[in-house]
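Peer 1: Based on what follows, work out the 3D shape:
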Amino acid sequence: MTLDAYEKLCPLKRFINNFDDKGSMIRYKDDDLLSKINNSDNEKLKTVGLKLLKNYYSLDICRTFKDQCCTYLNYSIDKEKDLYLKSKSDNENSQWQLIEELWKSLQLHMDGIYCSRKSENKSIDKTEKRMNLMVYCNIRDYFKSKCDVTKQSTNQYYCKNLPIYIDKLYRNFKTDNKCLNIEYERDDYASYISENCNLYDMHKTFPQYDSSSGNLLESPNPRESICKYVNNVVTQNSSEGTLAEFPEASSEESISSQASLESLPYAGLTIVGFFSLFLFIYRYTTLGSSLRSLITRKNKSSTFIDAEIEQDLLDNTLEYKNHNSENDDYTLSYQSLQN
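Peer 2: From the prediction side, this is the model:
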């Protein structure tokens with residue numbers, strides 16, 4: 001048997017594969033619970049109602065995986081609702097309530113099978129990604145449980161196919177999933193279901209098993225995380241198509257900057273305090289009086305020195321002029337002697 005054949009044996013996979021099977025719907029088309037929908041003359045609602053009724057009745061084949069089948073049923077009806085509301089007028093949109101009423105009727109009439117109608121208020125794209133992850137984890141656990149039962153026998157088909165299936169789905173998720181603007185991994189609806197089923201922890205979600213024994217390998221998992229949680233943000237590098245990370249080192253810089261800003265008021269108060277103390281000492285103490293006298297003497301001395309410098313400059317100027325006058329007289333007398 002092929003890997004695909006073993007996958008189809010999983011109850012959840014069987015439920016999903018038969019979800020749109022029209023042949024199995026025929027026997028339910030005259031069910032009394034469909035009377036209101038059949039009287040509406042809305043062909044689309046008739047198809048959706050029949051699909052809901054048939055698959056609600058089929059929940060018993062899921063056995064231990066009934067919760068996952070119920071989740072998938074909710075997703076599928078939400079998907080039908082999204083398509084219906086986008087394509088119909090406002091008047092026809094109100095008729096969708098007939099589908100919701102049918103679900104309530106099924107809850108009341110089906111003994112031993114109960115599936116709550118849940119609306120996550122998430123986009124269909126996100127819900128679809130979450131469903132793909134849920135189905136993978138469910139089949140992985142199914143393979144593992146069968147491997148544990150048969151590992152001592154000669155036919156260890158599940159143990160052999162377990163690592164093959166995990167590797168196959170890892171590559172699919174790695175190709176198809178782009179994690180954007182992740183704040184907290186547990187709040188990532190599309191990529192985080194539980195500790196053992198998420199696209200962050202490869203060791204727990206895509207573990208490595210020995211194909212012959214089915215035992216978990218202790219060696220480090222070489223698989224790269226599909227979604228990365230770094231500084232609350234993960235972005236897509238548009239040029240290379242790879243995940244780009246923003247390191248948390250900037251948090252230290254922000255803390256340092258914040259500390260500097262918080263210290264500014266204290267520094268200002270310190271400067272004002274020193275200035276006030278200096279002003280008080282300068283005006284009202286003997287030290288201030290001495291300081292003022294010293295400054296006055298320095299000013300007088302500076303004034304006297306400036307006066308002396310000015311007088312010296314004046315004297316030098318006069319001497320320079322007298323010297324030039326003497327040279328002029330000498331030149332004139334010399335010229336007269338020559339004549």
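
Peer 1: Would you agree residue 164 is in contact with residue 6?
Peer 2: No. Between residue 164 and residue 6 there is no contact under CB atoms under 8 Å: 9.7 Å. In short, each C-beta sits where N, CA and C put it, glycine included.

Peer 1: The two: who's more crowded?
Peer 2: residue 6 (21 against 14; other CB atoms under 10 Å).

Peer 1: Quick check: buried residues in the helix or strand hosting the more buried one?
Peer 2: Using DSSP states H and E, residue 6 sits in helix 3-8. For helix 3-8, a neighbour-count test (16 or more other CB atoms under 10 Å) marks 6, 7 as buried.

Peer 1: what's the average pLDDT for that helix?
Peer 2: Across helix 3-8, pLDDT averages out at 94.

Peer 1: Same check on stretch 31-49?
Peer 2: Summarised as a single mean, pLDDT over stretch 31-49 is 93.

Peer 1: Which residues does it contact?
Peer 2: Under the criterion CB atoms under 8 Å, 6 or more residues apart in numbering, residues 28, 50, 53, 77, 80, 84, 88, 92, 95-96, 98-99, 101-102, 105-106, 109 lie in contact with stretch 31-49.

Peer 1: Pull out the buried members of the residues you listed.
Peer 2: For the contacts of stretch 31-49, buried by 16+ other CB under 10 Å: 28, 50, 53, 77, 80, 84, 88, 95-96, 98-99, 102, 105-106.

Peer 1: can you put the residues you listed in CSV and add secondary structure?
Peer 2: Output for the buried ones among the contacts of stretch 31-49, formatted as CSV (DSSP: H, G, I helix; E, B strand; the rest coil):
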residue, secondary structure
28, helix
50, helix
53, helix
77, helix
80, helix
84, helix
88, coil
95, helix
96, helix
98, helix
99, helix
102, helix
105, helix
106, helix
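
Peer 1: And the residues you listed, which is closest to residue 188?
Peer 2: Taking CB to CB as the measure, residue 188 lies nearest residue 77 of the buried ones among the contacts of stretch 31-49, at 23.8 Å.

Peer 1: who's in contact with that closest one?
Peer 2: Contact analysis of residue 77 by CB under 8 Å, 6+ apart lists 48, 52, 99, 103.
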